[in-house]
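[1] any chance you can model this:
(one chain, ligands or ions: 1)
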Amino acid sequence: KLTNSSIPAIAVYFGTKGRYEEVNPHLIDDILFVNKSAVSPPAADCRSVHLVALIRHGTRFPTTKNIKKIHRLYDVVMTEASATDQCLSDIKNKWPLWYTEDMDGKLVEKGKDDLRHLAVRLSKSFPSLISEETLRGERMEFITSSKHRCVDSIQAFQEGLLKHWGVGDVGFRHYVNDSLMRFFDQCKRFVESIENNKTALKEVKLFKASLEMDEVCRRMASRLQIPPNHITPDLVEAAFFLCSYEFAIKSRNSPWCNLLDESDAQAWILNSYCLTIVLEYKNDLKQYWKRGYGHEINRKSSCVLFHDIFKRLDQASYDYRFGEVTKAVTIQVGHGETLLPLLSLMGFFRDETPLTATNFPMQHSRKFRSSQIVPYSANLLFVLYECTDGLRLQFFLNEKPMTFPNISDPAPLYATVRNHYSDLLGGCDFEKECELPKDKVKNTEL
Ligand SMILES: O=P(O)(O)O[C@H]1[C@H](OP(=O)(O)O)[C@@H](OP(=O)(O)O)[C@H](O)[C@@H](O)[C@H]1OP(=O)(O)O
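    Here you go, the predicted model:
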């Protein structure tokens, strides 16, 4: 078990490379703990009848792209750094470079545990829905993205349930559905205008060339005693990622973290030059412009998933009115890039001022903070309850109840939620939104 001193002070800033435990710190002491009052029905006369869970895969290795950057950083530090402090000596003498390119984003053992434990907690939270009986009655469905880390995650989730229920193999199945869980790959407009368009992330590029980032590079160069122009933003980021990966994968507070640790962090925060918060912002800029509010197509590419979720809720609500709810649970596993567009489409974590390269100093209290929203095994839950006055819907992010944007009731009537999203429900057509603009179609045809 980790003690507080083995948790890097900067772990809450790791963004999409952060541990789930950082957003739910009570899990550090008891990974199976469930806050019963947070997940209990909204009123005594309510009973849960349907649940849709959208889950990000668990802790994973770095992608090949980032493993290459880690190797470059290691080479520079080993050949050029001349500082004489303990931190550098630990890196040079005690830290073996163990990342290889074939690890490419695969799920790690801790990642399997993330999903096994989440499965147990969700079963404890919603015992009448996520139950052996529901499973045996074929009222539970498992859907995943085709990526190895997601398939391995859904299998770990199923293992967690079996162990919790104390039963042997029950012939769990899962369905791969990339149209739903990797909609971004199939949305031509997104691929053309964001993924393959160098200018789509220009704010990220500009921020990498900003004064803040420049200062961050200079500070790291001076810490290592390396000529300042030899430390690039990519290398500083590699050190940040290394600290986060070592911690998430191996639960180690590695010497790379000490390199980033600034005892005078508070003062630097005031100056906007704290290494960690600058790097956190850089990552949030990527998420914002690639998966969030930055470009409309980011959000709209998730229309297909949005409709699928409401189709399931509608079906449950229809069944409820005319008999018994047949399907009880859908568990869907995907990526950060599955969850963030959907959250943005639904209006969560929207800041009045867009995140840009130049307004970092005024974004300290921004809502769009990926560390809080999409750590490994992040999850969105839509839970439908039957209550005396009708069906009600509750939304949870990372097992904590959240209100829908502009609806104050924590568990509004399902009809109210449908009404709130009526424009999206009546439109938001994936095919239409994802069509290439006419001129682009011509270009590709030529
Ligand atoms: O910066 P990396 O290479 O880790 O980016 C990954 C994505 O990770 P994220 O930016 O969310 O931290 C990864 O998302 P995940 O939820 O599956 O971890 C994504 O699938 C992958 O394509 C990488 O994106 P990129 O296009 O290389 O930036």
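[2] where does the stretch 1-150 of the chain dip in pLDDT?
    Along the stretch 1-150 of the chain, segments meeting pLDDT under 70 span 1-5.
[3] what does it have sitting close to the ligand?
    Proximity of the stretch 1-150 of the chain to the ligand, by C-beta under 6 Å from any ligand atom, involves residues 16-17, 56, 63, 65-66. Where C-beta positions appear, they are placed from N, C-alpha and C, glycine not excepted.
[4] so which of those residues comes closest to residue 205?
    Nearest to residue 205, judged by C-beta to C-beta, of those is residue 65 at 16.0 Å.
[5] quick one on the thing from earlier: filter the residues of the stretch 1-150 of the chain next to the ligand down to the buried ones and hand me the ChimeraX line.
    Per 16 or more other C-beta atoms under 10 Å, the buried members of these correspond to this ChimeraX selection:
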select :16,17,56,66
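[6] quick one: which of the residues of the stretch 1-150 of the chain next to the ligand sit in helices?
    Members of these lying in helices (criterion: DSSP state H): 65-66.
[7] can you name the two of the residues of the stretch 1-150 of the chain next to the ligand that sit furthest apart?
    Maximum pairwise distance in those, criterion C-beta to C-beta, is 18.9 Å, between 56 and 65.
[8] okay, now the nearest residue to residue 19 once chain neighbours are set aside: neighbour count?
    In this structure, residue 19 finds its nearest non-sequential neighbour in residue 248, 5.2 Å apart by C-beta to C-beta, 6 or more residues apart in numbering. Applying other C-beta atoms under 10 Å, we find 27 residues neighbouring residue 248.
[9] any idea how far the helix or strand containing residue 248 is from the chain center?
    Per DSSP states H and E, residue 248 falls inside helix 233-250. Taking C-alpha atoms, centre = their mean, to the nearest Å, one finds helix 233-250 lying 17 Å from the centre of the chain it belongs to.
[10] hmm, it in reach of the ligand?
    No. Using C-beta under 6 Å from any ligand atom, helix 233-250 never reaches the ligand; the gap is at least 7.8 Å.
[11] mind checking the pLDDT average for that helix?
    In this model, helix 233-250 has an average pLDDT of 96.
[12] send over it as CSV, restricted to the C-alpha atoms.
    Below are the C-alpha coordinates for helix 233-250, written out as CSV (Å, rounded to 0.1, in the frame of the first residue of the first chain):
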residue,chain,number,x,y,z
PRO,A,233,9.2,21.5,-24.6
ASP,A,234,8.9,17.9,-25.8
LEU,A,235,11.7,16.8,-23.5
VAL,A,236,10.3,18.6,-20.5
GLU,A,237,7.0,16.9,-21.3
ALA,A,238,8.7,13.6,-21.5
ALA,A,239,10.0,14.0,-17.9
PHE,A,240,6.5,14.9,-16.8
PHE,A,241,5.1,11.8,-18.5
LEU,A,242,7.8,9.7,-17.1
CYS,A,243,6.9,10.8,-13.6
SER,A,244,3.2,10.0,-14.3
TYR,A,245,3.9,6.6,-15.9
GLU,A,246,6.3,5.5,-13.2
PHE,A,247,3.7,6.4,-10.6
ALA,A,248,0.6,5.1,-12.4
ILE,A,249,2.2,1.8,-13.5
LYS,A,250,4.6,1.0,-10.7
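[13] just say helix, strand or coil for the residue lying closest to residue 18 once chain neighbours are set aside.
    With C-beta to C-beta, 6+ apart as the criterion, residue 18 has its nearest non-adjacent residue at 4.1 Å, and that residue is residue 375. Under DSSP: H, G, I helix; E, B strand; the rest coil, residue 375 falls in the coil class.
[14] and residue 375, how far from residue 14?
    8 Å (C-beta to C-beta, to the nearest Å).
[15] try residue 418
    For residue 418, the distance to residue 14 - C-beta to C-beta - is 36 Å.
[16] quick one, phi psi at the nearest residue to residue 173 once chain neighbours are set aside?
    Distances taken as C-beta to C-beta, 6+ apart put residue 142 closest to residue 173, at 6.7 Å, once the chain neighbours are dropped. Main-chain torsions, residue 142, degrees, to the nearest 10: phi -120, psi 130.
[17] could I get the contacting residues of residue 142?
    Residue 142 makes contact with 154, 157-158, 172-175, 330-333 under the criterion C-beta atoms under 8 Å, 6 or more residues apart in numbering.
[18] what do you get if the cut-off is 6 Å, keeping everything else the same?
    Residues in contact with residue 142 (C-beta atoms under 6 Å, 6 or more residues apart in numbering) are 154, 174, 331.
[19] and those residues as CSV, adding distance to the ligand and pLDDT?
    Listed next are the contacts of residue 142 as CSV, based on distance: C-beta to the nearest ligand atom, whole Å; pLDDT from 0 to 100:
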residue, distance to the ligand, pLDDT
154, 14, 98
174, 17, 96
331, 17, 98
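[20] can you give me the strands in the stretch 51-200 of the chain?
    Assigned by DSSP state E, counting those that start in this stretch, the stretch 51-200 of the chain shows strands spanning 140-144, 175-176.
[21] pick the most deeply packed of those.
    Mean neighbour count (mean count of other C-beta atoms under 10 Å) peaks for strand 140-144 among the strands of the stretch 51-200 of the chain, with a mean of 21.
[22] each with direction, which strands does it pair with?
    Under the criterion DSSP bridges, strand 140-144 sits next to strand 175-176 (parallel), strand 329-334 (parallel) in its sheet.
[23] centre of the chain to stretch 80-99, how far?
    For stretch 80-99, the gap between its own C-alpha mean and the chain's C-alpha mean amounts to 31 Å (C-alpha atoms, centre = their mean).
[24] for it, output the C-alpha coordinates as CSV.
    The C-alpha trace of stretch 80-99 is given here as CSV (Å, rounded to 0.1, in the frame of the first residue of the first chain):
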residue,chain,number,x,y,z
GLU,A,80,24.8,16.0,-21.1
ALA,A,81,23.5,16.6,-17.6
SER,A,82,26.3,17.6,-15.2
ALA,A,83,24.4,18.6,-12.0
THR,A,84,25.7,17.0,-8.9
ASP,A,85,22.6,16.6,-6.8
GLN,A,86,20.9,13.5,-5.5
CYS,A,87,18.0,13.6,-7.9
LEU,A,88,20.3,13.4,-11.0
SER,A,89,22.6,10.8,-9.4
ASP,A,90,19.5,8.6,-8.8
ILE,A,91,18.4,9.0,-12.4
LYS,A,92,21.9,8.2,-13.7
ASN,A,93,22.8,5.4,-11.4
LYS,A,94,19.6,3.8,-10.1
TRP,A,95,17.0,4.2,-12.8
PRO,A,96,17.1,1.7,-15.7
LEU,A,97,15.3,2.7,-18.9
TRP,A,98,12.8,-0.1,-19.2
TYR,A,99,10.3,1.2,-21.7
